[in-house]
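K.L.:
Predicted model and sequence follow; I will ask about them next.
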Amino acid sequence: MDILIVGMGKLGYRLAETLVASEHNVTVVDSDEEALVKAVNRLDVLTVTGNGAQLQLLEEIGVGKKDLVIAVTSSDETNVLICVTAKKLGCPRVAARVRNPDYAGQIDFLKRELAIDFITNPELDTANEVARYLLRGYNSHLESFAGGRVGLFEVPAAALPEVIGKTLAEVDVFRDLLIGALYRDGEVIIPSGETRLESGDTLYLIGRRESVTALIRSHADLGQRHVTKKVMILGGGKAGFYLANRLLTAGLSVKIIEQDEERCGYLASHLPGALVICGDATDLDLLQDENLSDMDALVSFTGHDEENLMLALLGKQHGVAKVVAKVSRSNFVPIIEELGIDRAVSPGLISAGELVRFIQGGQVASLSLMFGGQAEAMELVVPPTAPIIGKALSEAGIPSGVLIGSVVRQGQVFIPKGDFIIRGQDRVIAFCLHKQLPALSKLFDPKRRGIGHELWFGRKDTGKPSAD
Amino acid sequence: MNSGLVARILGNLLLIEGAVLAVPLGISLFLGERRAAIGFLVSMGVTGLIGLYLSNVPAKSPRLKAREGICIVTIGWTIVSFFAAVPFLLSGAVPSFVDAFFEAVSGLTTTGASVLSRIEDLPKGILFWRSLLHWLGGMGILVLTLAILPTLGVVGFQVFRAESPGPTPDKFTPRLAATSKILYVIYGVLTALIVLAVRTAGVSWFDSILLAFGSVGTGGFAPFSDSVMGLGANTPLVLVLASSMLLAGVNFSLYYELIRGRWKQALANSELRWYLAIMGLSVLAVSLNLYGRVYGSIGETLKHAWFQVSSVMTTTGYVTADFDLWPPFSKGILFLLMFVGASAGSTSGSVKVVRLMVGAKVVRGEISRVLHPQAARPVIVSGRVMPPEVVRNVISFLLLYFAVFAVGSLMISLDGLDLFSSMSAVAATLGNVGVGFGGVGPTAGFAGLGLGSKLILSFLMLLGRLELFPVLAVLSPRFWKE
């Protein structure tokens, strides 16, 4: 696809990186020359300097011939203007970032009346992600696929002492479960039969919901239920506001600490159920006075990554069961989770994930971006003409770095082995390292054009239907 | 340093060179030139085997940093020249390896300086290979690699930047591989058109192809000992070649604009205007100087003046007349044109018009700042403000270019040539022109120089083609320390 990204901030860069890796043709526009130089030196993209909302510039780029325009500049209004202009110039699909809570109520209006196909709000998405984490029952549950029939779980290898030191081929405790991915020393590994498990690994298990529940029941460490009741949010910015709102709706007790008095007034008036404390979140005495150690969860959402990190560590030290830190530099997410913080969330990364899900459109039903974007677990519906159909998996040419975790056929969940044969209309849950995304789409893409096409365009046409 | 990846890419480069060697091999086989054919076959085998070995070296990561990029470009051009020299040596066309290497570098860097005499007696395969090197080197051998192997696109921008002529590379599609392909398609079409035009002017097919390679790559190797002087009376041919060289000196991204129907933007390019203006004024000045003194008719004067100006300015180096016999004023203009070159993003060498424009604008800004110390004078080219880093890079390039020229001239003067000949030898090789004055003039060639001088000039050709900085960076001790 030919994609135009306006705005080369953290989100824009992240998005460009992901899309280039998936063999899309990406053009980026920004008025900041420096950001573009950084982009062109590291990514195979075309850069254009200028104001992306300017009609003349958009016409010059040939926006009408692009398949998709994504507006992620720092200004909501500019993003909307870009999308509307691009749409009028003939671009079939447009997406924008709109983050101001004042506009939160008019997202549907913007989509309907201004014909913006997709709107992402990183702070809202982040708040939802954190809320999901705080509200879920089992600590280890991550994601559900195929309408809840298949679950993805995160388990420290240390909790399953019987598997350590064995290769996957030797491990038999899992029965109907499959290790889809491993997380070791900040790196994601898509395992094969020869991969040996180490005690520091985090395992990502996928399989039928009931099998997972059975495993958890048989291991006391995994079965701990944490019911979160009291949450302290540090920093009452946009994300903090959305999160508090969501948690209050779920009936939790929420305490917000915010420094800015005016903002406190806003929060107090808009979130009547919450306790808003006006003070410095980095003031340890204040936190202790507000019973930090009594909290079930601590979420640090201040504007500084460093502060969030320190505060989350502080919470852990005071015995808070779940601590979450916001990190705007998504590259640091894996490192921070290594430090003992339960969840590091990056609004840019989450938004990028949302946008990628929107762009993949068509067959990809649900998708989760894992580990700072190193890998994805995605649910695909197999088109009837996909090349992978009709061959045993061991002979389908699946590259290393790609793993078929589960197949759902007519409501039945299969954990595929090497002799499994995929049919059309199956739902497949696949693990895939980011760099293998192109290889994955080759296996599942319905339309294929000849080698001449590839020679000329330098890529295989993905043949994905556009949304309209 | 990611030496595995560097080796892989160099291996691919050699594989492509090995494959390309099949063309002259075919010609030699077809014409029954046994010794040349054996030479090509052996070179093909050696190049291909080494390429195959290198291209299978495992790479640690697929990421390429600036350091690896310039390393690939500098070492790549050197080894490709090295292997390109092997057929010259093995076929017996060139007796010594230094001469063969000089000839290969001269071909690949599109210089066109030759150490060969009696060119008509050489095997056709060798002549073809010599000119094919021009064609390959003109648009860049690594750009070709990028075009053929799109998988390198992700890692290639550093390489593309180091190889493409001019201060800022033109990437006009999101994918570098697509840009490379478009460039080569434009290049190929232009070459084909020139072959047809030259053929129409009454030259044999074989010579037409060779002349087209020499002019579209702004190289200058001709299949004749006296360049194209023998064909000087064939006015249509002279005009075709002069226009071909002119077209090859235009930034190729402008042709892409033309294809996309954006002729207005293409024609508004200020480098193009300066390029044409400098060429026009030079032709006028030379013609006024020559008319009545060397040529009697206005037509003849304009014809030869334009051809020589076009040839020297685009750094091709074809000659229809021995301009060494021209009056000093005309020689002076041609000598200065060796330091101008044509456009960035073209196949020409030397400084490039855009750098001189930037230099001139900086100087003008400084002059106005003497009167108005607070004046804001950004450097504007084609309506865009040049970023200060680019301006700084251009100024350093200009200084360095003249420093290299000065030092090089002194070194060559040790060979016993007169000073002007030495200077023109350096200007002609560093600027990839290929023809100088006096001892290295149109009729003299480079055969008479000593071994040392030939090696120095070979180095200068590579230095000039890769635009100084990458080569000097690789040669700097700091590069190898880490």
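P.N.:
Structure's in. What do you need? This one's a predicted model, so the numbers in the text were calculated from it and none came from an experiment. Residues are numbered from 1 along each chain as shown, chains lettered A, B, ... in the order given.
K.L.:
The nearest residue to residue A:156 once chain neighbours are set aside: how many residues sit nearby?
P.N.:
Closest residue in space to residue A:156, ignoring its immediate chain neighbours: residue A:202 at 5.5 Å, by C-beta to C-beta, 6 or more residues apart in numbering or on different chains. C-beta here means a position set from N, CA and C on the backbone, and glycine is covered the same way. Counted by other C-beta atoms under 10 Å in any protein chain shown, the residues lying close to residue A:202 total 18.
K.L.:
And the pLDDT at residue A:202?
P.N.:
At residue A:202, the pLDDT value in this model is 78.
K.L.:
residues touching it, list them.
P.N.:
Going by C-beta atoms under 8 Å, 6 or more residues apart in numbering or on different chains, residue A:202 touches A:154-157, A:182-184.
K.L.:
hmm, which of those are the buried ones?
P.N.:
For the contacts of residue A:202, a burial check counting by 16 or more other C-beta atoms under 10 Å in any protein chain shown picks out A:154-155, A:157, A:182-183.
K.L.:
Intersect these with the contacts of chain B.
P.N.:
With the criterion set as C-beta under 8 Å from any C-beta of the partner chain, no member of those is near chain B.
K.L.:
Take those residues and keep only those in strands.
P.N.:
A:154-155, A:182-183 (DSSP state E).
K.L.:
CSV for those, including pLDDT?
P.N.:
Formatted as CSV, these follow (pLDDT from 0 to 100):
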residue, pLDDT
A:154, 75
A:155, 77
A:182, 81
A:183, 77
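K.L.:
And the residue of the stretch 351-482 of chain B closest to chain A?
P.N.:
Per C-beta to the nearest C-beta, residue B:387 is where the stretch 351-482 of chain B lies closest to chain A, at 5.8 Å.
K.L.:
That residue - nearest residue in space that isn't next to it in sequence?
P.N.:
Once flanking residues are discounted, residue B:387 sits nearest to residue A:33: 5.8 Å by C-beta to C-beta, 6+ apart.
K.L.:
wait, the one you found sits on residue A:48?
P.N.:
No: applying C-beta atoms under 8 Å, one finds residue A:33 not in contact with residue A:48, separated by 10.8 Å.
K.L.:
So which of the two has more stuff around it?
P.N.:
Higher neighbour count among residue A:33 and residue A:48: residue A:48, with 16 against 13, using other C-beta under 10 Å.
K.L.:
Using the three-state scheme, assign the more buried one.
P.N.:
With DSSP: H, G, I helix; E, B strand; the rest coil as the basis, residue A:48 sits in strand.
K.L.:
pLDDT weak spots in the chain?
P.N.:
Let's take chain A. A:136-143, A:172-175, A:186, A:219-226, A:360-374, A:434-435, A:438, A:445-468 (pLDDT under 70).
K.L.:
switch to chain B, that's the one I care about
P.N.:
Low-confidence segments of chain B, defined by pLDDT under 70: B:62, B:150-156, B:482.
K.L.:
Of all residues in it, which one is nearest the centre?
P.N.:
With distances taken as C-alpha atoms, centre = their mean, residue B:110 lies nearest the centre of chain B, 3.6 Å away.
K.L.:
Tell me who's in contact with the nearest residue to it once chain neighbours are set aside.
P.N.:
Of all residues not flanking residue B:110 in the chain, residue B:219 sits nearest, at 4.1 Å (C-beta to C-beta, 6+ apart). Residue B:219 is in contact with B:107, B:110-112, B:131, B:133-135, B:137-138, B:213, B:316-317, B:434, counting by C-beta under 8 Å, 6+ apart.
K.L.:
7 Å instead, please
P.N.:
Going by C-beta atoms under 7 Å, 6 or more residues apart in numbering or on different chains, residue B:219 touches B:107, B:110, B:112, B:134, B:138, B:213, B:316.
K.L.:
how close does it get to residue B:316?
P.N.:
Distance from residue B:219 to residue B:316, counting by C-beta to C-beta, to the nearest Å: 7 Å.
K.L.:
again with residue A:295
P.N.:
Here the criterion is C-beta to C-beta. By it, residue A:295 lies 78 Å from residue B:316.
K.L.:
which of these two has more neighbours?
P.N.:
Using other C-beta under 10 Å, the more surrounded residue of residue A:295 and residue B:316 is residue B:316, with 37 against 24.
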